[in-house]
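Undergrad: generate coordinates for the sequence data below:
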Amino acid sequence: MPHDLDLAHMPQLPADRSAPIGVVGAGFIVDDIQLVAYREAGFNVQAIASRSPERARDVASRHGIPTVHDTWQELVADERLQIIDVAFPPALQPEIVAAAAEQPHVRGVLAQKPMAVDHATGLRTVEACEAAGTPLAVNVNMRFDQSIRAVKTLLDRGELGTPVLATIEMRAIPHWQPFLEGTDRLTLQNMSIHHLDAFRYLLGDPDGIYVSARTDPRTSFEHRDGICLSILEWDDGLRASAWDDVWTGPVREGSEGDVYIKWRVEGTEGVAWGTIGWPSYPNRTPSTMRFASTKRPNQIIEPVWPEVWFPDAFAGTMGELIGATQGAPLSISGRDNLQTLALLDAGYRSMEEKRLVRVEEITGGLVAASTGAATAAS
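TA: Below you'll find the predicted structure:
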């Protein structure tokens, strides 16, 4: 790829990666993805804890982690650790994050997305970290997918002009963690969150969201948001949509199928489109991008890279946090992520009330009137 087409598809990691890291959690994402990415990036993981000490010891053995703590409380109190990486269910994370932030030896905390079950709880978590003076980052790792970073570069450089329409179409089957059974939020909060946050990253904060959802025929436990169709609106006319189909047809029941994630961004001066390689995991399948622009007549540009979202992108989230403890900007801060949580809350309200919900109804304390209009809370 010519030098002038370097699209910054990979983040710049800090030169000093020696900060000792303690990981709270030992589930699939930690074991198969995060710790693999951290090792390849040269990060210094020194301790791990989980709800199951036996599971933590097993993961530690596989990844060469020297210390296993029996509880998360013991881990965050370990004065050798400077970075705490929390990968617990969202209902359990705020207590751990706040406790870690209060420790004088902790220089930064990384929380798994979603960092809390709703915007109000997330706000209290962010305020606790800010009061302690401890940077909080959120592992919104789709921002570090290589194709998403590349199209962000195109938008920032003006290659596509003013954004007009963006879409993400997912036909893929997620791995639902066991803790999701019995909760009242499934696809929107745990899968669509990637796409909603990516839209925020690429296009800025939307003003409103409409979500229509139905149950997924394959998911056996009770849920309400299996298949989710989301439309995002900006007051200036920009629109985006995410079609999150976790059913995709009976491909696990014996049928041939078509599993993929496609994205597209159209602007006044160009268009970019591509695919996300994640559905092919564990096979290493890079995401793709092609773009055309009036600035480059009669050309379709197709950059190629070897890196993949799972696991390579996860080095970016940890790298940003470590960099922030050394004075670098933090684009994935807890404060920024509150807008993603607010968008989720607005989406669930939209599902319930079958209307467009403005995000300010969540962040500004607005209450929906019986007519569907928003009125200021008293």
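
Undergrad: helix, strand, or coil at L188?
TA: With DSSP: H, G, I helix; E, B strand; the rest coil as the basis, L188 sits in helix.

Undergrad: any chance you could map the helices in the stretch 251-378 of the chain?
TA: In the stretch 251-378 of the chain, the helices defined using DSSP state H, counting those that start in this stretch lie at 314-325, 334-353, 360-363.

Undergrad: how about the last one: buried residues?
TA: When neighbours are counted by 16 or more other Cβ atoms under 10 Å, the buried residues of helix 360-363 are found to be E361, I362, T363. C-beta coordinates here come from the backbone N, C-alpha and C atoms, glycine included.

Undergrad: which elements pack onto that helix?
TA: Packed against helix 360-363 by the contact rule (3 or more Cβ pairs under 8 Å, 6 or more residues apart in numbering; DSSP states H and E) you find helix 334-353.

Undergrad: kindly report the domain assignment for the chain.
TA: According to automatic domain parsing, the chain comprises the domains 3-141+314-333, 142-308.

Undergrad: is it true that G249 touches G257?
TA: Yes. Using Cβ atoms under 8 Å, G249 is in contact with G257, at 4.9 Å.

Undergrad: pLDDT score for G122?
TA: Confidence at G122, expressed as pLDDT, is 98.

Undergrad: from S280, how far out is the spatially closest residue to it that is not a sequence neighbour?
TA: Using Cβ to Cβ, 6 or more residues apart in numbering and skipping residues adjacent in sequence, the residue nearest G122 is A116, 3.9 Å away. According to Cβ to Cβ, to the nearest Å, A116 stands 31 Å off from S280.

Undergrad: give me the more crowded residue out of the two.
TA: A116 (25 against 16; other Cβ atoms under 10 Å).

Undergrad: helix, strand or coil for the closest residue to E253 other than its chain neighbours?
TA: Nearest in space to E253, with sequence neighbours left out and distances taken as Cβ to Cβ, 6+ apart, is R218 at 7.9 Å. Look at R218: counting by three-state DSSP, its state is coil.

Undergrad: quick check: R218 touching W247?
TA: Yes. Here R218 reaches W247: they are 6.0 Å apart, a contact under Cβ under 8 Å.

Undergrad: shared neighbours, the two?
TA: The overlap between the contact sets of R218 and W247 (Cβ atoms under 8 Å, 6 or more residues apart in numbering) consists of I173.

Undergrad: and the residue nearest to the spatial centre of the chain, what pLDDT?
TA: Taking Cα atoms, centre = their mean, the centroid of the chain lies closest to V140, which sits 2.6 Å from it. Looking at V140, its pLDDT stands at 97.

Undergrad: distance check, it against L343.
TA: V140 is 12 Å from L343, by Cβ to Cβ.

Undergrad: re earlier: residues in contact with the residue nearest to G122?
TA: P90, Q93, P94, G122, T125, L341.

Undergrad: try A272
TA: A272 is in contact with V151, L154, L160, R264, V265, M289, R290, F291, counting by Cβ under 8 Å, 6+ apart.

Undergrad: mind redoing it with 10 Å?
TA: By Cβ atoms under 10 Å, 6 or more residues apart in numbering, the residues touching A272 are 147, 150-151, 154-155, 159-160, 166, 263-266, 289-293, 301.

Undergrad: just the buried ones from those residues?
TA: Buried among these (16+ other Cβ under 10 Å): 147, 150-151, 154-155, 159-160, 166, 263, 265, 289, 291-293, 301.

Undergrad: just curious, which of the contacts of A116 is nearest to R51?
TA: Q93 (12.6 Å; Cβ to Cβ).

Undergrad: do I have it right that that closest one meets G122?
TA: Yes. Contact criterion Cβ atoms under 10 Å: Q93 and G122 qualify, at 9.5 Å.

Undergrad: who has more neighbours out of the two?
TA: G122 (29 against 26).

Undergrad: just checking, that one touches A98?
TA: No. The criterion here is Cβ under 10 Å, and G122 misses it with A98 at 11.6 Å.

Undergrad: in the stretch 251-378 of the chain, where is pLDDT below threshold?
TA: Low-confidence segments of the stretch 251-378 of the chain (pLDDT under 70): 365-378.

Undergrad: quick revisit: which one of the buried residues of helix 360-363 is nearest to G319?
TA: T363 (29.0 Å).

Undergrad: these two touch, right, the closest one and A342?
TA: Yes. Using Cβ under 10 Å as the test, T363 is close enough to A342 to be in contact (4.9 Å).

Undergrad: can you give me the helices for the stretch 1-150 of the chain?
TA: Going by DSSP H, counting those that start in this stretch, the stretch 1-150 of the chain shows helices at 28, 35-41, 53-63, 72-76, 93-101, 119-132, 146-157.

Undergrad: ok, which of the ones you listed comes nearest G347?
TA: helix 119-132 (11.3 Å).

Undergrad: who are the contact partners of L180?
TA: P89, P90, P174, L186, T187, Q189, N190, T219, F221, H223.

Undergrad: distance check, the third one against T340.
TA: It stands for P174. 18 Å.

Undergrad: of the two, who's got more company?
TA: Each of P174 and T340 has its neighbours counted (other Cβ under 10 Å); T340 has more, 26 against 18.

Undergrad: ok, L81 touching W72?
TA: No. Assessed by Cβ under 10 Å, L81 is found out of contact with W72, at 11.7 Å.

Undergrad: joint contacts of these two?
TA: Joint contacts of L81 and W72 (Cβ under 10 Å, 6+ apart) are G22, V23, A100.
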